[in-house]
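Asker: predicted structure and sequence below. I'll ask about it afterward.
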Amino acid sequence: MSENGPTTAPVRDDFVFDTRTDLRPDQKAEVLVEALPWLQKFSGALVVVKYGGNAMIDDDLKRAFAEDMVFLRQVGLRPVVVHGGGPQINAMLDRLDIASEFRGGLRVTTPEAMDVVRMVLTGQVSRELVGLLNAHGPHAVGLSGEDGGLFQARRRSAVVDGQEVDVGLVGDVVHVNPGAVLDLLDSRRIPVVSTVAPDVDDPTQVLNVNADTAAAALAVALGARKLIVLTDVEGLYTDWPDRSSLVRRIRASTLAELLPRLDAGMRPKMEACWRAVEGGVPRAHVIDGRAPHSVLVEVFTSDGIGTMVLPDVEPADAPFTTPVPAVAPRTAPGA
């Protein structure tokens, strides 16, 4: 009832499209109802999200991502964010006139460059994301792999033309102590994790760690229900650039066979998904972070988005039991 007295209820033709969403009220209701079974299924679920790509560069996408994480928390999920910061690191290295190169897909990290990596990840990228999240309430807390013994890493080399090449202060996570993250989750906070870690062989030294594989290691250690990796493509293509080869779902063993053929940019993301699923995480996803609110679309809609990696054999208490083919490409547009 309006302030000026009773009015007649509008008929359907009286409804106008929402200027922001182009949805009628009944269509909005359908969206909410579609989310209901997923809200029930994932109530209390721990989800690790690797934040990267354009989602951490474009201001609108940054805000949308922060809204997604707060939404997850508010409806009962337990999100953990793991981030890298390649573009921001590149910009700061250029600004400071520090040379940087990649070999075998890995950033060659000198002690001078490592100081910049550490500063940018923990002091710039983390602080910005924590601020965006906390604009919606005192939810987020930033920490790095150095805090509370969260990560330990070991130096690794790159392989170029079949030969091992030294890439400096670069490492792989070899141990995870998730206590600090669990404490934050128990306090209903959103942990925001920067991927630098002490060297297990020399704890006075800090290593640059790939954020994709660090997210996978953390997801396994936390017993996460999902790992979600944001990237700048629609998902996994088995025969790029054939867009009809975009895969919706793939079993871990089939993905393992594909990994050597993937390009340097996609390989660590899909390897992270494979590692997570092999380590007991029921589902891992690569989704297009260029689409606003892509995390919500993945978690709370029946079709989801991007590519989902599944174990070869579902555990007895798996949250999903529908048989899935080894590789299920999307239908080409217009087909």
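Answerer: Looks like it came in fine.

Asker: report the central residue of the protein.
Answerer: Lys50 (2.5 Å; C-alpha atoms, centre = their mean).

Asker: just checking, that one touches Val82?
Answerer: Yes: assessed by C-beta atoms under 8 Å, Lys50 is found in contact with Val82 at 5.1 Å. Glycine gets a C-beta too; all of them are placed from N, C-alpha and C.

Asker: shared neighbours of the two, anything?
Answerer: 211, 215 (C-beta atoms under 8 Å, 6 or more residues apart in numbering).

Asker: can you pull out the helices in the stretch 1-150 of the chain?
Answerer: 25-41, 59-74, 86-95, 111-120, 126-134 (DSSP state H, counting those that start in this stretch).

Asker: among those helices, which is nearest Pro292?
Answerer: helix 59-74 (4.1 Å; C-beta to C-beta).

Asker: hey, C-alpha coordinates of the closest one in PDB?
Answerer: Extracted C-alpha coordinates of helix 59-74, given in PDB (Å, rounded to 0.1, in the frame of the first residue of the first chain):
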ATOM      1  CA  ASP A  59      38.000  -1.800 -10.700                       C
ATOM      2  CA  ASP A  60      34.500  -3.000 -11.300                       C
ATOM      3  CA  LEU A  61      35.600  -6.600 -11.300                       C
ATOM      4  CA  LYS A  62      37.500  -6.100  -8.100                       C
ATOM      5  CA  ARG A  63      34.400  -4.800  -6.400                       C
ATOM      6  CA  ALA A  64      32.200  -7.600  -7.800                       C
ATOM      7  CA  PHE A  65      34.700 -10.200  -6.500                       C
ATOM      8  CA  ALA A  66      34.600  -8.700  -3.100                       C
ATOM      9  CA  GLU A  67      30.800  -8.700  -3.100                       C
ATOM     10  CA  ASP A  68      30.900 -12.400  -4.100                       C
ATOM     11  CA  MET A  69      33.200 -13.300  -1.200                       C
ATOM     12  CA  VAL A  70      31.100 -11.400   1.300                       C
ATOM     13  CA  PHE A  71      27.900 -13.000  -0.100                       C
ATOM     14  CA  LEU A  72      29.400 -16.500   0.300                       C
ATOM     15  CA  ARG A  73      30.200 -15.700   3.900                       C
ATOM     16  CA  GLN A  74      26.800 -14.200   4.600                       C
END
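
Asker: how far off centre is it?
Answerer: 12 Å (C-alpha atoms, centre = their mean, to the nearest Å).

Asker: avg pLDDT for that helix?
Answerer: Mean pLDDT, computed over helix 59-74, is 98.

Asker: buried set for that helix?
Answerer: Within helix 59-74, the residues that count as buried by 16 or more other C-beta atoms under 10 Å are 61-62, 64-73.

Asker: ok, back up a step: from Val33, how far off is the residue nearest to the centre of the chain?
Answerer: Separation of Lys50 from Val33 (C-beta to C-beta, to the nearest Å) stands at 30 Å.

Asker: that older thread, dump the helices of the stretch 1-150 of the chain to a markdown table, plus distance to His175.
Answerer: Output for the helices of the stretch 1-150 of the chain, formatted as a markdown table (distance: least, C-beta to C-beta, whole Å):
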| stretch | distance to His175 |
| --- | --- |
| helix 25-41 | 32 |
| helix 59-74 | 26 |
| helix 86-95 | 24 |
| helix 111-120 | 19 |
| helix 126-134 | 22 |
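
Asker: of all these, which one is nearest Leu262?
Answerer: helix 86-95 (18.0 Å).
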